[in-house]
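Q: give the three-dimensional model of this entry:
(one chain, ligands or ions: 1)
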Amino acid sequence: MSAFGRSLSIAVAAITLVVWIGVAVVSAQGPWVAPADAKAMKNPVKGVGNAKKAVETNCVSCHGPMGKGDGPAAAALPPPKPANWTSAAIQKETDGELFWKISNGRGAMPPWKHLPEQERWEIVNYIRTLKGT
Ligand code: HEC
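A: A predicted model of the protein is given here:
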């Protein structure tokens, strides 16, 4: 590769990195709003199935054993902190909105699209059982 080609690819890599960091920072700020069609999505699943187990495996490290946002990893994370699932703010969201956020993640909150859809809906139902606890 020519010297020009090499410095061009370094420049492209640097710009890509800066844009990526910018997107990561911006996307983790302000209220987290799901798209309207996601909010309107109906929950096709009844019951919690094995959601308690799935949550223990995947979520309690950040969200805490009772979903209050106080898992062992939460202290080390910068704001926004892991959500308190029992709070009014989370409980007033629609099932579709929670499903979409769980699927897509934001900032330190990982996306969980790899979990089967059924399981993600069961997790939403499980989060409902924690309301006001
Ligand atoms: C590595 C830590 C981490 C793990 C693991 C994690 N979360 Fe989160 N979660 C977060 C953080 C941080 C936020 C806040 C994100 C924000 O507001 O930008 C969050 C927010 C949420 C919210 C609230 C969205 C809202 O309306 O504000 C829900 C629901 C949620 N997580 C569900 C889950 C579920 C379900 C799992 C497991 C399948 C999980 N999380 C695993 C860190 C985590």
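
Q: any idea how far the ligand is from Met41?
A: Distance of Met41 to the ligand, given as CB to the nearest ligand atom, to the nearest Å: 14 Å. In this view, the C-beta of every residue, glycine as well, is placed from N, C-alpha and C.

Q: please read the previous query as pertaining to Asn84.
A: Distance of Asn84 to the ligand, computed by CB to the nearest ligand atom: 9 Å.

Q: which ones are touching Trp100?
A: Trp100 is in contact with Ala34, Pro35, Ala38, Lys39, Met41, counting by CB atoms under 8 Å, 6 or more residues apart in numbering.

Q: now the fourth one: phi and psi?
A: With angles defined as degrees, to the nearest 10, Lys39 sits at phi -60, psi -40.

Q: in space, what's closest to Thr133 - neighbours in sequence excluded?
A: Thr86 (5.0 Å; CB to CB, 6 or more residues apart in numbering).

Q: from what I see, the one you found and Tyr126 are in contact.
A: No: under the criterion of CB atoms under 8 Å, Thr86 is not in contact with Tyr126, lying 11.8 Å apart.

Q: quick one, which of the two is more surrounded?
A: Neighbour count, other CB atoms under 10 Å: between Thr86 and Tyr126, Tyr126 has more, with 21 against 18.

Q: picking up where we left off before, in a markdown table, list the contacts of Trp100 along with secondary structure and pLDDT.
A: What follows is the contacts of Trp100, written out as a markdown table (DSSP: H, G, I helix; E, B strand; the rest coil; pLDDT from 0 to 100):
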| residue | secondary structure | pLDDT |
| --- | --- | --- |
| Ala34 | coil | 97 |
| Pro35 | coil | 97 |
| Ala38 | helix | 98 |
| Lys39 | helix | 98 |
| Met41 | coil | 98 |
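
Q: from those, list the buried ones, please.
A: Neighbour counting by 16 or more other CB atoms under 10 Å classes Ala34, Ala38, Lys39, Met41 among these as buried.
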